[in-house]
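Enquirer: Model the following, please.
(2 chains)
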Amino acid sequence: DTAVSQTPKYLVTQMGNDKSIKCEQNLGHDTMYWYKQDSKKFLKIMFSYNNKELIINETVPNRFSPKSPDKAHLNLHINSLELGDSAVYFCASSQNSGANTDTQYFGPGTRLTVL
Amino acid sequence: KNEVEQSPQNLTAQEGEFITINCSYSVGISALHWLQQHPGGGIVSLFMLSSGKKKHGRLIATINIQEKHSSLHITASHPRDSAVYICATNNDMRFGAGTRLTVKP
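Expert: Take a look at the predicted model:
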């Protein structure tokens, strides 16, 4: 079984649409993250959740909203998609702590292309 | 200027060579992550260290928290080590731009 899974793997959509990316971890971890990797391959954190509570909320447009229905899931909803949202989005999880001092396990990534 | 700087940006080595990748940061942290991103895009955590040295197989990571510097070493490099190596600080998870390593047979 995959430890951290994301769906879909690829997402191609038109500008202005609303889309969601799902993330699930079966490791029993308390903390989950969303990262964005841009076209220059630079990684940036978007959000982190610890036990369903928002810990890190970087300066991302409010068109991006994370939703954590339970500890094992952290979904990313994006409204009114823009060309600049095209990137690879990675979900990750770690054992615990908002201090980010535990090993993180990454999902395979979702490549989002906005046309 | 990025809070986390890596050098070199690109590194090409011959199989068997000893590799060193450096990471410097400007903020106070309690721990640093080293990640490996495979050519296919997958990301794997290699180390999380807060002091001293850690070793895993042919990989060694060292950190000096006071000097705000960490190094990743690869001994007896192999073509399968070809990847992008990324360091990240634990506070607010700031990433370096990555070092692209190519090991030629």
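Enquirer: Is the residue nearest to B:Ile19 when sequence neighbours are not counted bridged to anything, and to what?
Expert: Leaving aside its sequence neighbours, B:Ile19 sits nearest to B:Ile74 (C-beta to C-beta, 6 or more residues apart in numbering or on different chains; 4.0 Å). All C-beta atoms are positioned from the backbone trio N, CA, C, and that covers glycine. Taking DSSP bridges as the rule, B:Ile74 bridges to B:Ile19, B:Leu59.
Enquirer: Contact partners for B:Ile74?
Expert: Contacts for B:Ile74 (C-beta atoms under 8 Å, 6 or more residues apart in numbering or on different chains) come out as B:18-19, B:58-60, B:81, B:101.
Enquirer: The same query, at a cut-off of 6 Å, please.
Expert: The contact partners of B:Ile74, by C-beta atoms under 6 Å, 6 or more residues apart in numbering or on different chains, come to B:19, B:58-59, B:81.
Enquirer: is it true that B:Met48 touches B:His33?
Expert: Yes. Using C-beta atoms under 6 Å, B:Met48 makes contact with B:His33 at a distance of 5.2 Å.
Enquirer: Compare those two and say which is more crowded by neighbours.
Expert: Taking neighbours as other C-beta atoms under 10 Å in any protein chain shown, B:Met48 and B:His33 compare with B:His33 leading, 25 against 20.
Enquirer: could you give the mean pLDDT of whatever helix or strand the more buried one lives in?
Expert: Per DSSP states H and E: B:His33 is located in strand B:32-37. Strand B:32-37 carries an average pLDDT of 96.
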